[in-house]
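1. Everything below, folded, please.
(chains A and B, ligands or ions: 3)
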Amino acid sequence: MKTLQATNDFVIKFANVNGSGSASANTLFAKSIARMGVPVSPRNIFPSNIQGLPTWYEVRVCEAGWNARRGGADLMVAMNPQTWEKDVAEVTAGGYLFYDSTRPMPSGKFRDDILVIGMPLTEICNATYTDPRQRQLFKNIIYVGALSALLGIELAEVEKLIAEQYKGKEKLLEPNVKALRMGHEYALAKLPCPLGLQVRRADKVGDKVFLEGNNAAALGAVFGGATVCAWYPITPSSSMAEAFAKHCRKYRVDKETGKNNFAIVQAEDELASIGMVIGAAWNGARAFTCTSGPGISLMSEFIGLAYFAEIPATLVNVQRAGPSTGMPTRTQQSDVLLCAYASHGDTKHPILFPQDAKEAFEFTADALDIADRLQTPVFVLTDLDIGMNERLCDPLTWDDARTYDRGKVLTKEQLDAGARFGRYLDVDDDGITYRTYPGTHPSRGSFFTRGTSRDRYARYTEEGSAYVDNMERLLRKFETAKHYMPKPEVRPGAKPSRYGAIYYGSTAPAMEEALALFEAEGIHLDALRVRAFPFQDTVIDFVNDHDHVFVIEQNRDGQLRTLLVAEGAIDPSRLGSVLHFDGTPITARFIHGDIAKRLSALQVTPLRRTVAGGASGE
Amino acid sequence: MTYLAKPKLHHPDLPKNALGLTRRDYEGTISTLCAGCGHDSISAAIIQACWELAVQPHRVAKLSGIGCSSKTPTYFLDKSHGFNSVHGRMPSVLTGANLANRDLLYLGVSGDGDSASIGLGQFAHSMRRGVNMTYIVENNGVYGLTKGQFSATADRGSKSKRGAVNTDEGIDLACLAMQLGATYVARSFSGDKHQLVPLIKGALTHPGAAFIDVVSPCVAFNNHEGSTRSYDYVRHHNEAVNSLDVITMHKEITTEYAPGSVQEVRQHDGSVLRLRKLADDYDSSNRISAMSYVQSHYARGEIVTGLLFVEPEAIDLHEHLGTTMRPLNELGDKELCPGSAALAQFNASLR
Ligand SMILES: Cc1ncc(C[n+]2csc(CCOP(=O)(O)OP(=O)(O)O)c2C)c(N)n1
Ligand code: SF4
Ligand SMILES: [Mg+2]
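-> Ligands and ions are numbered 1, 2, ... in the order given. Here you go, the predicted model:
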């Protein structure tokens, strides 16, 4: 049998039982590779509710730095008997299977086209530890030690990480290091070290940080000045609210009084969460909620109120696979249309599409500014893939000269100075009107906020002309929004092309990798990453400048494509859909394969098709 | 006609309160409700209570849901910011507003449909949390605005205008509020201003979740024979357990429990609730006995009114959350943004 041979470019997958303490050992494993200067991208895969509570942790080791899921498993660490068959079947031919050989498996349970490495982990633990919990926990560390020997991971890096983790808790440090070494030594002595898969020190990580999107977005909310958070638990967004609480305890407790410069309420449902956000923002505090698709569905009536009454609100939607409860622990980009047009009547809402944790941090802080500036609900649309996985990304940055944009708010002084106040009076001709916070002035600036139609002075009216005037102004405001939203990122191909690709959000890493694959084959594609809705002119121009544009999405219906057609008045036949929606993160292999097929259907002869607009004879 | 401004010609002889304001300064636009609607009397009572307490009108935030009752905040306190939210969701909006600025007075106005039907959940949870507010339900047993369907507070056996009999059990919001931890719970009748005005004043000065269920007949759809929310029915079945006087900045405290005597309860802000007992066996300081009293009298067809329960040592949501005394909406970059140095440390912890 020919076994796989690869250095700094392979996928290892851990199959574990939930709650067995594997998560921290697996993170330790991934981090130690990053410490060797070799980029890794791990992903948690955790079914919502299956007997045996399996979880998987998939680590892509990739010196080239591609962060997308690759697909396949070159080495399976099979620690869960319940999922054994599926796990064994998944190993790439010529790949490796590492398992606990304490209890011998019948030979029919293996494959003969993979190299099987058995290590009696349970036996070793039982011989070394008496406490059952220790047996369980150290088993994980022991396999990390063994893997480091098998894969050429420097033991010193792993030990350094353990030392950092248990700083100040030396009692725990020593037994962990001992377990690690035990595994390492066992493997060196008894297992086929080194495997064909090897990690070799490189310098491709630099100052990158290892960060989860939900954690980053939560910190963005802290930096962006959110003081009120109302939420209702839902996977995969709950960890954002929890991270916000954690960051607030660290950064937002007044040193003198010990009091909190924040308020977090776990509401009774999503109706209440968004209601609280709207109430707080109406009253001048920065407020946000985080949720997932089902939560947005519930919030819809309130979102329309905030749109029509013009109240800022920041909503972070960590998308999961719908419809309904769908696949609650799987990723998708299927709430694009829901968010763009949430609520009854004519409504449209600004959306930001971060591609990773770094942008989740930046866009959440930006969204709080944009919501105040535009006085409307603003969505930050991430997904489970971004939100719940640690990913290497550039370090977060913050400009200390930056101040919060609280938008058009009249102060007591301005009201005293005789500022003309009409709550819905468009004095600056940008569709955005001035507001006042409750309690500002004894006699000026009060107004009534309502979801019913009103005139420019916030007085109730059912006059058709006043209604139309207001609705048209809201459209002007939406036009103004483009100016405040992050700009799209254009990546021209190495040579001009008649073909374009549009992508967004968590598709970015896979798309970048796919583009590199195409370039390597001499197929040139211009690409554009949408970072916001409403679409700026650049996006529409990009479509119009190409004969055919592929829109790559992680949903069934091509939701962003629909939005482009509707909002950009684009001929639908010019937009092709590349759709991946089985709940796993999209891969470069998929994108490359699908687009290549479509390109050939469009009768492109790749190597000759290079000059835009040139005669082609195709 | 879309907006009716009231002429603000001040009569020089109108009495002034401690702020030098007349009652007119607490009014809103002219009501567009049906003539004789109980809700208008409640608006008048709110105006009277705020004037007597000399609250600064602009330091009140008035919020409501949807319904005839929820429209009323336009008819009082036009110097206050108002918020007519969505059906049944006023409590969450009020809670959020309260979190943003703990220095304002929060007045929530709702209907029985708004709070007991579609909004029962939000009603309940705002009581549980102890949001510092005055929450008034204008209870007519029907959906006035959608033309008279039964609401969830309609009594079982009550007859609709068309003769249909309500077969569902009615919800007693005051009892629920007591059960759910509200720290000031009262019931009154829109037709009894003498009872209602002090109860609103007590609620406004109460430093926690204050709830008042005000029976407020709907003359258009629920004021007929066979209705248990008609003016006549309520007048005949009203059992007041006490009468209240609210004395602001009172010094001395005495507490007596003898029947017919006066009970005084001092609140956080120094105001005193002076309660004169009308029912010998009623104790408004005991949540459990109050609930059982109200329920057993209800079983006899009586509507128990008055200050049903008060807990002067109320703890509100801000206290639970440990929020700063400064309104959150006044905090700026300096207090809120950890800055780039903190971020550098955060980055370092992630490598
Ligand atoms: C989501 C939603 N469903 C239904 C309605 C229609 N609606 C408006 S007011 C109302 C009932 C109001 O009853 P109540 O709160 O008792 O107020 P009242 O008019 O009796 O004072 C209903 C059902 C609505 N506005 N919103
Ligand atoms: S319909 Fe009933 S509740 Fe509505 S205004 Fe008329 S009397 Fe009042
Ligand atoms: Mg009603």
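2. Look up how far B:G141 lies from the residue of the stretch 151-300 of chain B at minimum distance from ligand 1.
-> In the stretch 151-300 of chain B, the residue found nearest to ligand 1 is B:S151; the distance is 4.8 Å by Cβ to the nearest ligand atom. Using the backbone N, CA and C atoms, a C-beta is placed for each residue, glycine as well. In this structure, B:S151 and B:G141 are separated by 6 Å, where distance is defined by Cβ to Cβ, to the nearest Å.
3. intersection of neighbour lists for these two?
-> Overlap between the contact sets of B:S151 and B:G141, as judged by Cβ atoms under 8 Å, 6 or more residues apart in numbering or on different chains, is given by B:D112.
4. Pick out the residue nearest the middle of chain A.
-> The structure's chain A has its C-alpha centroid closest to A:I386; by Cα atoms, centre = their mean the separation is 2.0 Å.
5. How many residues are close by the nearest residue to B:F221 once chain neighbours are set aside?
-> By the measure of Cβ to Cβ, 6 or more residues apart in numbering or on different chains, the closest residue to B:F221 outside its immediate chain neighbours is B:G148, 3.0 Å from it. For B:G148, the neighbour count with other Cβ atoms under 10 Å in any protein chain shown is 18.
6. and if you look at A:S465?
-> For A:S465, which is what you asked about, the neighbour count (other Cβ under 10 Å) is 9.
7. Just the element for it, please.
-> Here A:S465 sits within helix A:464-484, counting by DSSP states H and E.
8. for A:L517, same thing?
-> Short version, using DSSP H and E: A:L517 is in helix A:508-520.
9. and the helix or strand that that helix is followed by, how far from the chain's centre?
-> Beyond helix A:508-520 on the C-terminal side, the first helix or strand identified by DSSP H and E is strand A:526-530. The gap between the average C-alpha position of strand A:526-530 and the chain average comes to 18 Å, counting by Cα atoms, centre = their mean, to the nearest Å.
10. where exactly do the helices run in the stretch 51-200 of chain A?
-> A:84-90, A:121-128, A:132-151, A:155-165, A:170-190 (DSSP state H, counting those that start in this stretch).
11. Please tabulate those helices in CSV, including the columns mean pLDDT.
-> CSV is the format used below for the helices of the stretch 51-200 of chain A (pLDDT from 0 to 100):
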stretch, mean pLDDT
helix A:84-90, 96
helix A:121-128, 95
helix A:132-151, 95
helix A:155-165, 97
helix A:170-190, 96
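12. what's the closest of the ones you listed to A:A241?
-> helix A:155-165 (24.9 Å; Cβ to Cβ).
13. Determine whether any part of the closest one lies close to chain B.
-> No. Helix A:155-165 is not in contact with chain B by Cβ under 8 Å from any Cβ of the partner chain; minimum separation 9.1 Å.
14. between that helix and helix A:170-190, how many degrees?
-> Inter-element angle recorded for helix A:155-165 and helix A:170-190: 160 degrees (by axes from the mean of the first three to the mean of the last three Cα atoms, to 10 degrees).
15. mind listing what's buried in helix A:155-165?
-> Along helix A:155-165, the positions that meet the burial threshold by neighbour count (16 or more other Cβ atoms under 10 Å in any protein chain shown) are A:155, A:157-159, A:161-162.
16. mind saving the C-alpha coords of stretch A:327-339 as CSV?
-> Listed in CSV are the C-alpha atoms of stretch A:327-339, where the atom choice follows Å, rounded to 0.1, in the frame of the first residue of the first chain:
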residue,chain,number,x,y,z
MET,A,327,-29.8,21.8,10.9
PRO,A,328,-29.2,24.0,14.0
THR,A,329,-25.5,23.2,14.3
ARG,A,330,-24.7,23.4,10.7
THR,A,331,-23.6,26.4,8.7
GLN,A,332,-25.4,28.3,5.9
GLN,A,333,-25.9,31.7,4.4
SER,A,334,-29.6,31.4,4.0
ASP,A,335,-30.9,34.4,5.9
VAL,A,336,-29.8,37.0,3.3
LEU,A,337,-33.2,37.8,2.0
LEU,A,338,-34.9,37.4,5.4
CYS,A,339,-32.6,40.2,6.8
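17. Tell me the spacing between A:C125 and A:Q134.
-> Per Cβ to Cβ, A:C125 is found 8 Å from A:Q134.
18. Could you do A:G275 as well?
-> Separation of A:G275 from A:Q134 (Cβ to Cβ): 48 Å.
19. Would you mark the buried spots in the helix or strand bottoming out on mean pLDDT in chain B?
-> Using mean pLDDT, DSSP states H and E, strand B:262-266 stands out as the lowest-scoring helix or strand of chain B, at a mean of 87. Taking 16+ other Cβ under 10 Å as the basis for neighbour counts, the residues of strand B:262-266 that come out buried are B:263-266.
20. And it, how far out from the chain middle?
-> With Cα atoms, centre = their mean as the basis, strand B:262-266 stands 21 Å off its chain's centre.
21. same question, stretch A:224-240
-> Taking Cα atoms, centre = their mean, one finds stretch A:224-240 lying 15 Å from the centre of the chain it belongs to.
22. Can you give me the buried ones in that stretch?
-> Residues of stretch A:224-240 classed as buried by neighbour count (16+ other Cβ under 10 Å): A:224-232, A:234-240.
23. among those residues, which two are most distant?
-> Set against one another by Cβ to Cβ, those have their most distant pair in A:G225 and A:T235, with a gap of 27.3 Å.
24. where does the chain dip in pLDDT?
-> Assuming you mean chain A. Scanning chain A with the threshold set as pLDDT under 70 gives A:49-52, A:604-618.
25. Chain B was what I was after
-> Across chain B, the stretches falling below the confidence threshold (pLDDT under 70) are B:1-10, B:249-260.
26. and the longest helix for it?
-> The residue-count maximum for a helix in chain B (DSSP state H) belongs to helix B:38-53.
27. Up against ligand 3, what does the stretch 51-200 of chain B have?
-> Within the stretch 51-200 of chain B, the positions lying close to ligand 3 (Cβ under 5 Å from the ion) are B:111-113, B:140.
28. The stretch 1-150 of chain B: strands as residue ranges?
-> For the stretch 1-150 of chain B, strands defined by DSSP state E, counting those that start in this stretch occupy the ranges B:60-64, B:81-84, B:105-111, B:133-139, B:142-143, B:149-150.
29. do the same with the stretch 351-500 of chain A
-> Counting by DSSP E, counting those that start in this stretch, the stretch 351-500 of chain A forms strands over residues A:351-352, A:377-383, A:390-393, A:448-450, A:489-491, A:499-504, given from the N-terminal end onward.
30. Can you tell me which of the ones you listed is most buried?
-> By mean neighbour count, with neighbours taken as mean count of other Cβ atoms under 10 Å in any protein chain shown, strand A:377-383 ranks first of the strands of the stretch 351-500 of chain A at a mean of 30.
31. Report the backbone C-alpha coordinates of that one in CSV.
-> Output of strand A:377-383 as CSV, limited to C-alpha atoms (Å, rounded to 0.1, in the frame of the first residue of the first chain):
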residue,chain,number,x,y,z
PRO,A,377,-31.9,48.4,12.2
VAL,A,378,-28.5,47.2,10.9
PHE,A,379,-27.6,43.5,10.5
VAL,A,380,-24.2,41.9,10.9
LEU,A,381,-24.5,38.6,9.0
THR,A,382,-22.1,36.0,10.1
ASP,A,383,-22.6,32.3,10.3
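32. Now do it: which elements does it pack against?
-> Contact analysis of strand A:377-383 by 3 or more Cβ pairs under 8 Å, 6 or more residues apart in numbering or on different chains; DSSP states H and E lists helix A:213-223, helix A:293-309, strand A:313-319, helix A:336-340, strand A:351-352, helix A:357-374 as its packing neighbours.
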